[in-house]
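Chemist: the sequence and its predicted three-dimensional model are supplied below.
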Amino acid sequence: MIGALTQGTRRDFLRRMGSAALGLTAGWARLGLANAQEQRKPNFVIIFCDDLGYGDLSCYGAKKIRTPNLDRMAEEGMHFNSFYACAPVCTPSRAGLLTGRYPIRSGLTNVLFPNSQDGIDDTEITLAEALKTCGYATACIGKWHLGHQPSFLPTRHGFDYYFGIPYSNDMDVPKRGDPPIPLMRNEAIIEQPADQDTLTRRYTEEARRFIAEHKNEPFFLYLPHTMPHVPLHASPSFAGRSPGGLYGDVVEEIDWSVGEILAELKQQGLDGNTLVIFTSDNGPWLSQRENGGSAGKLRLGKGTTFEGGMREPCIMRWPGTIRAGSVYDGPSGTLDLFPTLVGLAGGSLPEGRVYDGCDIRPVLMEEGVRPAKEFYYFNGQELQACRHGRWKAKKPFKGNVYGEPLEHPWLLFDLERDPGETTNLADRHPAILASLQMKMDQFRKDLGDVPKAKR
């Protein structure tokens, strides 16, 4: 497989980069504390929701869900209109974010369950591992879902600290033999079943504590919320409060959490040196009806490679670096975060492997345009669609979606004019369709042999 690393190569990379980071730290020490603080690397906070829809925030058009903190974050930062998760379901989406690679490269293309024996492979280098070599403290607080066996836990893959649940909050089905949902601290279960009413609040408290404890060093905080995945849970102070029902209660509590984190950063004097990123792992679970979210103007949702399944709300805030009130309409996504954050940290991408994202620092700083690069839509191990610029081609499909039959031929959409994918332009623009089909065929050939899907 293209880009695979042996375990020895992985250790060599981490050792080499660690030595470089120590050298840089020592150099700062020689220059004196004040100068070191001026040159301090930026902190990173990624807030990653579960099943949040494109239309679930008021700054993305929600009418009944109030998100004042996220609205303010968008006013003070950059609002993305075409930001993509790399998969329409949980496990592969998280794998792509943390490795910067399409999940098909790691074999993490299926959703993992409590009976799964698989997880993230030791040969993968996570964003946390790459940032640790640059001198960062790291924490994962929330839902992991890249394997719950000890060798797959966050603490074995670059995170200094972990607090959260190891998989989705509905994976406690007795007839399947699932145990009650465990809440973990590092590698120990501290509560089972987890009190889900309190998870968003406790995640927030843990996040604030981590920020305060690491205010004097660069840090990476990965906060993958359990919510608004079903079953929905809100704390008593939010339950029954939103005009958007229980789903609205849950999203409004997440919005409160964002406000708390921004307040902690300001309180610790870190506001201007921290890039905060808010997005989601995939689109809304529409089959849950009132307990699922909204894709807004987009078509369908979770589990599909229509836009509603993979295009997500995204806001990035970094006062003094990202211009307040800026908007980016071009395609970008979670695959871009790995190269971007490693670059901002002063590091280099590991050699000997393929990365599928782009460094979008020029976008954030409005110093240029994002490189023109195709985005590929995978569902499991199947390549189903491709976007290049404004155009998206989607392979023929016949099956059921949310219990309803769906069948279509090759589709071609102009996403700038038709983000809802309502008008098939394949017959009108056969040359454009043929070009995208060729890109898909070539990309699939370039992948070569891929790892067997993990289960």
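Modeler: Great, that's in hand.

Chemist: how about the helices in the protein?
Modeler: Assigned helices in the chain, in chain order: 7-31, 33-38, 68-76, 90-99, 127-132, 199-213, 245-267, 307-310, 337-344, 361-364, 430-447 (criterion: DSSP state H).

Chemist: which one of the ones you listed has the poorest average confidence?
Modeler: Ranked by mean pLDDT, these end with helix 33-38 at the bottom, a mean of 39.

Chemist: just for this protein, where's the confidence low?
Modeler: For the chain, the stretches flagged by pLDDT under 70 are 1-38, 369-371.

Chemist: apply 80 and report the result again.
Modeler: 1-39, 368-372 (pLDDT under 80).

Chemist: can you list the domains in it?
Modeler: 7-32+41-374, 376-447 (automatic domain parsing).

Chemist: ok so, going back, among the helices of the chain, which is nearest Ile190?
Modeler: helix 199-213 (10.7 Å; Cβ to Cβ). Using the backbone N, CA and C atoms, a C-beta is placed for each residue, glycine as well.

Chemist: now the helices of the chain in a markdown table, with distance to His148 and mean neighbour count?
Modeler: A markdown table is the format used below for the helices of the chain (distance: least, Cβ to Cβ, whole Å; neighbours: other Cβ atoms under 10 Å):
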| stretch | distance to His148 | mean neighbour count |
| --- | --- | --- |
| helix 7-31 | 21 | 14 |
| helix 33-38 | 39 | 11 |
| helix 68-76 | 30 | 20 |
| helix 90-99 | 11 | 28 |
| helix 127-132 | 17 | 24 |
| helix 199-213 | 17 | 19 |
| helix 245-267 | 24 | 21 |
| helix 307-310 | 25 | 30 |
| helix 337-344 | 23 | 22 |
| helix 361-364 | 34 | 19 |
| helix 430-447 | 28 | 14 |
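
Chemist: kindly reformat these as a markdown table containing distance to Gln288.
Modeler: Output for these, formatted as a markdown table (distance: least, Cβ to Cβ, whole Å):
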| stretch | distance to Gln288 |
| --- | --- |
| helix 7-31 | 39 |
| helix 33-38 | 48 |
| helix 68-76 | 22 |
| helix 90-99 | 14 |
| helix 127-132 | 30 |
| helix 199-213 | 18 |
| helix 245-267 | 8 |
| helix 307-310 | 14 |
| helix 337-344 | 28 |
| helix 361-364 | 34 |
| helix 430-447 | 31 |
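
Chemist: pretty sure Asp197 is touching Leu232, no?
Modeler: No. If you go by Cβ atoms under 8 Å, Asp197 and Leu232 don't touch, sitting 10.1 Å apart.

Chemist: look at these two and report which has more neighbours.
Modeler: Leu232 (21 against 14; other Cβ atoms under 10 Å).

Chemist: and that one, its phi and psi?
Modeler: With angles defined as degrees, to the nearest 10, Leu232 sits at phi -80, psi 140.

Chemist: quick check: it touching Asn291?
Modeler: Yes. Look at Leu232 against Asn291 with Cβ under 8 Å: they come within range, at 5.6 Å.

Chemist: who touches both of the two?
Modeler: 246-247 (Cβ atoms under 8 Å, 6 or more residues apart in numbering).

Chemist: how deep is Met176 tucked in, by neighbour count?
Modeler: For residue 176 the amino acid is Arg, not Met. What Arg176 shows, counting by other Cβ under 10 Å, is a neighbour count of 10.

Chemist: equivalent analysis for Cys59, please.
Modeler: So Cys59, with other Cβ under 10 Å, has 16 neighbours.

Chemist: if I pick it, what's in contact with it?
Modeler: Cys59 touches 67, 70-71, 74, 79, 313, 315, counting by Cβ under 8 Å, 6+ apart.

Chemist: let's see it at 10 Å
Modeler: 67-68, 70-75, 79, 313, 315 (Cβ atoms under 10 Å, 6 or more residues apart in numbering).

Chemist: which one of the domains of the chain lies nearest to Ala453?
Modeler: Here domain 7-32+41-374 is closest among the domains of the chain (Cβ to Cβ), at 4.9 Å.

Chemist: could I get the domains of the chain in JSON lines, plus columns for distance to Arg455?
Modeler: Formatted as JSON lines, these follow (distance: least, Cβ to Cβ, whole Å):
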{"stretch": "domain 7-32+41-374", "distance to Arg455": "6"}
{"stretch": "domain 376-447", "distance to Arg455": "11"}
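
Chemist: pull out the buried residues from stretch 384-397.
Modeler: 384-388, 390-395, 397 (16 or more other Cβ atoms under 10 Å).

Chemist: quick one: the strands in the stretch 351-455 of the chain, in order.
Modeler: For the stretch 351-455 of the chain, the strands defined by DSSP state E, counting those that start in this stretch occupy 375-379, 382-388, 391-394, 397-401, 404-408, 411-414.

Chemist: switch these over to a markdown table; also include distance to Met184.
Modeler: Below are these laid out as a markdown table (distance: least, Cβ to Cβ, whole Å):
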| stretch | distance to Met184 |
| --- | --- |
| strand 375-379 | 29 |
| strand 382-388 | 33 |
| strand 391-394 | 39 |
| strand 397-401 | 34 |
| strand 404-408 | 38 |
| strand 411-414 | 42 |
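
Chemist: Phe238: which of the ones you listed is closest?
Modeler: By Cβ to Cβ (comparing all of the strands of the stretch 351-455 of the chain), the closest turns out to be strand 397-401, at 31.8 Å.

Chemist: could I get the closest one in CSV with only the CA atoms?
Modeler: Provided in CSV are the C-alpha atoms of strand 397-401 (Å, rounded to 0.1, in the frame of the first residue of the first chain):
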residue,chain,number,x,y,z
PHE,A,397,-26.7,3.7,-7.0
LYS,A,398,-29.5,1.3,-6.3
GLY,A,399,-30.6,0.5,-2.8
ASN,A,400,-32.3,1.8,0.3
VAL,A,401,-31.6,5.0,2.2
